[in-house]
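Q: here are the coordinates; sequence isn't available:
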């Protein structure tokens, strides 16, 4: 079974600075999807960025980018020019590309609570 | 508004009772997923439906059941509630069988007293 590990329960960053959140995963599959979700105090789960494992290029969405190291099974999220609105719980998630059974589900890490200091 | 609607937003009930949580997926999405979020267990996958049929089952208790109706809305039924069932219950939807684009609802906060 796939597992997702976020080793940093909490992180803090100064406004306008850059912060990197770590995520590692364990899988025997060669193709899969990886995601970062943001959960602000409103509790809404918001998709931040998505990476397809067969694409070597790291995904980027405005101030958010990933460092995807497939061999190391590492998928870190970099937030540049941090803003107060970035304060939230961030979850890393894995989804198998294989159809059938429980492979459709997203498997989440435990999350990293990000604080942005003014 | 994500397009996924969950009702109610908050629910307080007593132990031993039964409740029903409702989810309307984003327009056009055929898949519905239910997740439970608690402080100690994180986000746990419960069950998935695709176009009315159960597709995958996760850590769902026997006291819990779900279904997806012809109009694609889904209900999660929780019975014989225990204090430990207190959690945030999320519904998510996605389009097509590949389902990599999950959209979450705002969740139902269940408190069992």
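A: Nice, I can see it. All values reported here derive from a predicted model rather than from experimental measurement.
Q: Neighbours of the closest residue to chain B within chain A, how many?
A: Closest contact between chain A and chain B, by CB to the nearest CB, is at residue A:45 (3.7 Å). All C-beta spots, glycine's among them, are computed from the backbone N, C-alpha and C. With neighbours defined by other CB atoms under 10 Å in any protein chain shown, the count for residue A:45 comes to 28.
Q: Also residue A:77?
A: Residue A:77: 23 neighbours (other CB under 10 Å).
Q: Across the sheet, point out what pairs with it.
A: Counting by DSSP bridges, residue A:77 is bridged to residue A:21, residue A:66.
Q: how about the residues of chain A that lie near chain B?
A: A:33, A:35, A:37, A:42-47, A:50, A:91, A:95, A:99, A:101-111 (CB under 8 Å from any CB of the partner chain).
Q: mind running it again at 10 Å?
A: A:4, A:6, A:32-33, A:35, A:37, A:39, A:42-47, A:50, A:52, A:89, A:91, A:93, A:95, A:97, A:99-111 (CB under 10 Å from any CB of the partner chain).
Q: Can you flag which of these belong to strands?
A: Per DSSP state E, strands hold the following members of the residues of chain A next to chain B: A:4, A:32-33, A:35, A:37, A:39, A:46-47, A:50, A:52, A:89, A:91, A:93, A:95, A:106-108.
Q: if we can go back for a sec, for the residue lying closest to the residue of chain A closest to chain B once chain neighbours are set aside, grab the count of nearby residues.
A: Using CB to CB, 6 or more residues apart in numbering or on different chains and skipping the chain neighbours, the partner closest in space to residue A:45 is residue B:104 (3.7 Å). The number of residues packed near residue B:104 is 23, by other CB under 10 Å.
Q: Tell me which residues touch residue B:104, please.
A: A:37, A:39, A:43-47, A:106, B:2, B:4, B:6, B:26, B:33, B:35, B:90-93 (CB atoms under 10 Å, 6 or more residues apart in numbering or on different chains).
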